[in-house]
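Trainee: Any chance you can model this:
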Amino acid sequence: MNLWFRLIWLMLTAARRPPLTLPGGVSDLSFRVWPHDLDPSIHMNNGRYLTLMDLGRVDIMLMSGLWRAAWRNKWTPIASAITIRFSRELKPFQKFRLQTRIVCWEDSSVVMEQTFLIDGGARDGQIAARALFKGGLYDRSTRRFIPIAQLMQTLGVTAESPAPAPEVEAFLHAGDQLKQSPGA
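Mentor: Residues are numbered from 1 along each chain as shown. So this is what the prediction gives:
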């Protein structure tokens, strides 16, 4: 339930934040670790990072205006792969920021980098976790993912995808290998 409160807050405060220009804009959200975010080790639960990453991606859609087309066309965001590297723990009541940005795209999927940064104190600006996400918008009526070129056109943007960095190539390759493995 706590994600709903954060989502509502995100939507209510969207009007006070500047719009985001894609593909280069960065969503920068501030949070605090609350008791319901903790695991038995008294730091933020691994799963909570993934849950909060949803909010970063929602913010990209809200602040770029892409949510309008998604809502109108009943497109739904779908994740296909995520990898995350934890570097430093986030402790109770600690402030942190989540930065989300698009790093590249192909046909009908986008790759985003999502970085959790410590906000304040002796470790201000240090990375707590960094993740790569691959996903797209899915049209249930046509049973297909929406081409990224169409999404960009919806926003009035014409851009070529940047070349993926080596770690992004490795992430994409690992996803392809897992998809082709037996039982996938």
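
Trainee: for this protein, longest helix please?
Mentor: helix 46-64 (DSSP state H).

Trainee: Helix, strand or coil: sort out A14 for me.
Mentor: With DSSP: H, G, I helix; E, B strand; the rest coil as the basis, A14 sits in helix.

Trainee: That should have said A163, apologies.
Mentor: What three-state DSSP gives for A163 is coil.

Trainee: So P40 lies in a strand, does it not?
Mentor: No: in this structure, P40 is coil, not part of a strand, as judged by three-state DSSP.

Trainee: quick one: low-confidence parts of this protein?
Mentor: For the chain, applying pLDDT under 70 flags the ranges 1-2, 184.

Trainee: all strands of it, in order?
Mentor: 26-32, 75-86, 95-106, 109-118, 127-139, 144-145 (DSSP state E).

Trainee: export the ones you listed to TSV and tack on mean neighbour count and distance to L20?
Mentor: Heads up, the C-betas are built off the backbone N, CA and C, glycines and all. Converted to TSV, those look like this (neighbours: other Cβ atoms under 10 Å; distance: least, Cβ to Cβ, whole Å):
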stretch	mean neighbour count	distance to L20
strand 26-32	16	6
strand 75-86	15	16
strand 95-106	20	10
strand 109-118	22	13
strand 127-139	20	16
strand 144-145	14	22
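
Trainee: Tabulate the ones you listed (CSV), appending distance to L10.
Mentor: Shown next, in CSV, are the strands of the chain (distance: least, Cβ to Cβ, whole Å):
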stretch, distance to L10
strand 26-32, 7
strand 75-86, 15
strand 95-106, 11
strand 109-118, 15
strand 127-139, 17
strand 144-145, 25
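
Trainee: on that earlier part again, by how many degrees do the longest helix of the chain and strand 75-86 diverge?
Mentor: Counting by axes from the mean of the first three to the mean of the last three Cα atoms, to 10 degrees, helix 46-64 lies at 130 degrees to strand 75-86.

Trainee: Sweet, I'm off.
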